[in-house]
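Asks: I'll drop the sequence and a predicted model, then ask my questions.
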Amino acid sequence: MQATLLETKKSTMKALVYHGPGKKAWEDKPRPVIVEADDAVVRITTTTICGTDLHILKGDLSVVTDGRILGHEGVGVVEEIGAGVTNFRVGDKVLISCITSCGKCEACRKSEYSHCANGGWILGFKIDGTQAEYVRIPHADNSLYAVPPGMDEEAMVMLSDILPTSFECGVLKGQVKPGDCIAIVGAGPIGLAAVMTSQFYSPCEIIVVDTDENRLETARSFGATKTVNNTDGKAAQKILDLTHGLGVNTAIEAVGLAATFELCQKIVAVGGHIANIGVHGKSAILHIDKLWDRNVTITTKLVDTSTIPVLLKVLQAGRLDARKLSRHRLGLGEIMKAYDLFGNAAQERTLKVILKA
Ligand code: ZN
Ligand code: ZN
């Protein structure tokens, strides 16, 4: 009986496949199967595209090889489980963390899942990812989260990466406190998510910096109290003017360029924090001659997604409007068009693009 069932299952699926810098295709790939006892195979119902996927497509991350299925965000239904999976059953609706973690190694025991000795960020990077009809998730017990009944999938998929990244790397590392004046440099989806999650701590000023006026307008609708257009390169002076020459308690870098990291150094107040979120491909200057006596803390971090359970509670309580992070909704089969929309974010006013199977 089981053999017949397996035979009737298709052995191929559609997936978004990387074929070297600038090349991608929506094509047939073998359907993933259980390899290790703690694996699960998940049928994707909702996924999305990350700025990091664009970096990969540009060829910035040479670890990614020809033939790799991209994507590290998603919600789906457990289709198959290995013999060692105990937290999930076939048919369960699950959220996929962008970070795969064994839950057992030294890093995992400290909740530093992104540095898991047996995982970390591997999905859509070192192993096949979520922009497909099916995906194999290693260490399923620790890398998947149950989706509560009735939860909105479009909001839920923002918990795979963007919301925990902005919250953990930006807001928590930056130690945003009530009454603080903070600046968020970069009003792309991650910067906007930081505008949202910083408000858990009631900062009195949220200054958002970008060079795109549309994005700044969006930032205001997300709760930015002031916006600074840096097209003229004078953002540092404008922010010092806005803060009576003091600078900001926390400067969150949400771009990943040397210039934006150096801007954070110019606007941080005495005793303040610079929290880097951006993925940097080049070195930046540390102006230690200006900062040595200013009691400043600089932090870097790769998201652990250890705050998913907390963010899920906030989402469930209706205290976080995660749907605002997406404006475009397409079918999974329209993913090539979705990449065009996401790649031309400025012209299309694109935030996250939701892809539904
Ligand atoms: Zn990502
Ligand atoms: Zn681990």
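Replies: On my side now, so go ahead. Computed from a prediction, not measured in an experiment: that's the story for all the values here. Numbers count the residues shown, from 1 in each chain. Ligands and ions are numbered 1, 2, ... in the order given.

Asks: rest of the way, CA atoms for contacts and neighbours
Replies: Fine.

Asks: ok so I182 is a strand residue?
Replies: Yes: applying DSSP: H, G, I helix; E, B strand; the rest coil, one finds I182 inside a strand.

Asks: ok, now which ones touch it?
Replies: V176, P203, E205, I206, I207, V248, N249, T250, A251, I252 (C-alpha atoms under 8 Å, 6 or more residues apart in numbering).

Asks: now do the SS call for the residue of the stretch 251-357 of the chain found nearest ligand 2.
Replies: When scored by C-alpha to the ion, the stretch 251-357 of the chain has D304 as its residue closest to ligand 2, at 11.1 Å. Here D304 is recorded as coil under three-state DSSP.

Asks: quick one: it and Y113 touch, right?
Replies: Yes: contact criterion C-alpha atoms under 8 Å: D304 and Y113 qualify, at 4.9 Å.

Asks: between the two, what contacts are shared?
Replies: Common neighbours of D304 and Y113 are listed as I99 (criterion: C-alpha under 8 Å, 6+ apart).

Asks: the more surrounded of these two?
Replies: A direct count of neighbours by other C-alpha atoms under 10 Å for D304 and Y113 places Y113 higher, at 29 against 26.

Asks: returning to that earlier point: and the contacts of I182, which of them are in strands?
Replies: Among these, the members falling in strands (DSSP state E) are E205, I206, I207, V248, N249, T250, A251, I252.

Asks: next, format the contacts of I182 as JSON lines and append neighbour count and distance to ligand 2.
Replies: Below are the contacts of I182 laid out as JSON lines (neighbours: other C-alpha atoms under 10 Å; distance: C-alpha to the ion, whole Å):
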{"residue": "V176", "neighbour count": "24", "distance to ligand 2": "29"}
{"residue": "P203", "neighbour count": "18", "distance to ligand 2": "35"}
{"residue": "E205", "neighbour count": "21", "distance to ligand 2": "38"}
{"residue": "I206", "neighbour count": "26", "distance to ligand 2": "36"}
{"residue": "I207", "neighbour count": "24", "distance to ligand 2": "37"}
{"residue": "V248", "neighbour count": "29", "distance to ligand 2": "36"}
{"residue": "N249", "neighbour count": "26", "distance to ligand 2": "34"}
{"residue": "T250", "neighbour count": "32", "distance to ligand 2": "31"}
{"residue": "A251", "neighbour count": "33", "distance to ligand 2": "31"}
{"residue": "I252", "neighbour count": "34", "distance to ligand 2": "28"}
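
Asks: so stretch 28-43, near ligand 2 or not?
Replies: No: using C-alpha under 5 Å from the ion, stretch 28-43 stays clear of ligand 2, coming no nearer than 12.9 Å.

Asks: tell me the mean pLDDT over that stretch?
Replies: The pLDDT scores in stretch 28-43 average 98.

Asks: dump that stretch to CSV, keeping only the CA atoms.
Replies: The C-alpha trace of stretch 28-43 is given here as CSV (Å, rounded to 0.1, in the frame of the first residue of the first chain):
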residue,chain,number,x,y,z
ASP,A,28,12.6,21.0,-12.5
LYS,A,29,14.7,19.6,-9.7
PRO,A,30,14.5,16.2,-7.9
ARG,A,31,12.1,16.4,-5.0
PRO,A,32,14.0,16.3,-1.7
VAL,A,33,13.9,13.1,0.4
ILE,A,34,14.8,12.3,4.0
VAL,A,35,18.6,11.9,4.3
GLU,A,36,19.2,12.0,8.0
ALA,A,37,17.0,10.7,10.8
ASP,A,38,16.4,14.3,12.1
ASP,A,39,15.3,15.7,8.7
ALA,A,40,11.9,16.8,7.7
VAL,A,41,10.6,17.5,4.1
VAL,A,42,8.3,20.5,4.1
ARG,A,43,5.9,21.4,1.3
